[in-house]
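[1] curious how this folds, go ahead:
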Amino acid sequence: MKVESARPEDLEPLAELFELLHPGAFDLEILRQQWALPGTSALVVWLEGRLMAGLLLRQVLDEAEVLVVGCRVSRRGYGTRLLEALRAECMAQGVARIFLEVAEDNHPAIALYSKAGFGRVGRRRGYYRSGADALLYALSLR
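    Got it, this is the predicted structure:
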């Protein structure tokens, strides 16, 4: 299992994965629009020709925000490997802090982010379509 920087040809499989896991949030057109913005990149995990996990990231100056994360299956190490690669890439780019948000009821993701060193820094009430709050997390790299 290897984490790689996404290429343009990865956008369609990434959009399919994100749509499967986060319906209506990141379709192909939205993903293409985001990809075109300065400072945006993505990381992917392919296994035997199948996209298993990915994330979309935007960096502005010395801060980065994870816009969306998706893992086809949990508890296989894909999320951990993505976050390790994210940390390494951001450190190489001089990022001081990485931010992300997660639905308050997404306990597996919260556990993953906490294990990776992210700490809760805020809350957005009723942020998701389901009505769930978004919990804001940050990871300091300095």
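
[2] what does the helix or strand containing L139 contact?
    Using DSSP states H and E, L139 maps to strand 134-140. Applying CB atoms under 8 Å, 6 or more residues apart in numbering, the contact partners of strand 134-140 are 87, 96-104, 110, 113, 116-124, 127-128. No exception for glycine: its C-beta is placed from N, CA and C like everyone else's.

[3] count the neighbours of Q33 for me.
    Q33 has 10 neighbours, counted by other CB atoms under 10 Å.

[4] doesn't it belong to a helix?
    Yes. According to DSSP: H, G, I helix; E, B strand; the rest coil, Q33 belongs to a helix.

[5] if we can go back for a sec, would you mark the buried spots in the strand holding L139?
    A134, L135, L136, Y137, A138, L139 (16 or more other CB atoms under 10 Å).

[6] cool, stretch 38-49 as well?
    So stretch 38-49, judged by 16+ other CB under 10 Å, has buried residues T40, S41, A42, L43, V44, V45, W46.

[7] and the fourth one, what does it touch?
    Neighbour list for L43: V3, E4, S5, A6, G54, L55, L57, L82, A85, L86, E89 [criterion: CB under 8 Å, 6+ apart].

[8] run the angle between the helix or strand L82 falls within and strand 134-140 for me.
    Here L82, judged by DSSP H and E, is contained in helix 78-92. Helix 78-92 runs at 50 degrees relative to strand 134-140, counting by axes from the mean of the first three to the mean of the last three CA atoms, to 10 degrees.

[9] measure the residue nearest to A103 when sequence neighbours are not counted to R125 for me?
    Nearest residue to A103 in three dimensions, chain neighbours excluded: A132, at 4.5 Å (CB to CB, 6 or more residues apart in numbering). Separation of A132 from R125 (CB to CB, to the nearest Å): 10 Å.
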